[in-house]
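>>> can't give you the sequence, but here's the structure:
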């Protein structure tokens, strides 16, 4: 299975299998788990971004006010740039789990099992 699916199943605390089935009742639990994890990730991402912006502001201010720039400022600037590159390549859990969430919600609405893999 692709890494995205494995990551979503990891959030659910379930093994990633080639086949399986879940009941509408289990689907409700999975929806709650996924939505909670997505909310936590959004909050964590927001906090991390606020922290990064504050650090970037401090570094920029230090460059403007200091006549001599210590190596630590350049190191911090490099770390910020790397964090920015990583953040741009990050695919949020909400985007990765969206198709599964829609499938689970439809299954609950229709009171149907969700099955995948070889019968």
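Alright, I've got the coordinates. Computed from a predicted structure; not experimentally measured. Residues are numbered from 1 along each chain as shown.
>>> Flag every buried residue along the helix or strand encompassing residue 106.
Taking DSSP states H and E as the criterion, the element that holds residue 106 is helix 93-110. For helix 93-110, a neighbour-count test (16 or more other CB atoms under 10 Å) marks 93, 96-97, 100-101, 104, 107-108 as buried. Backbone N, C-alpha and C define where each C-beta goes, glycine included.
>>> Same question for stretch 112-119.
Within stretch 112-119, the residues that count as buried by 16+ other CB under 10 Å are residue 114.
>>> before we move on, what about stretch 34-51?
Across stretch 34-51, burial judged by 16+ other CB under 10 Å covers 34, 37-38, 41.
>>> Where does the prediction get shaky in this structure?
By pLDDT under 70, the weakly predicted segments of the chain are 1-5, 67-68, 118-119.
>>> Going by residue numbers, what spans are helices in it?
Assigned by DSSP state H, the chain shows helices spanning 3-12, 24-65, 71-89, 93-110.
>>> Quick one: the ones you listed as JSON lines, columns for distance to residue 117 too.
Output for the helices of the chain, formatted as JSON lines (distance: least, CB to CB, whole Å):
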{"stretch": "helix 3-12", "distance to residue 117": "12"}
{"stretch": "helix 24-65", "distance to residue 117": "16"}
{"stretch": "helix 71-89", "distance to residue 117": "30"}
{"stretch": "helix 93-110", "distance to residue 117": "14"}
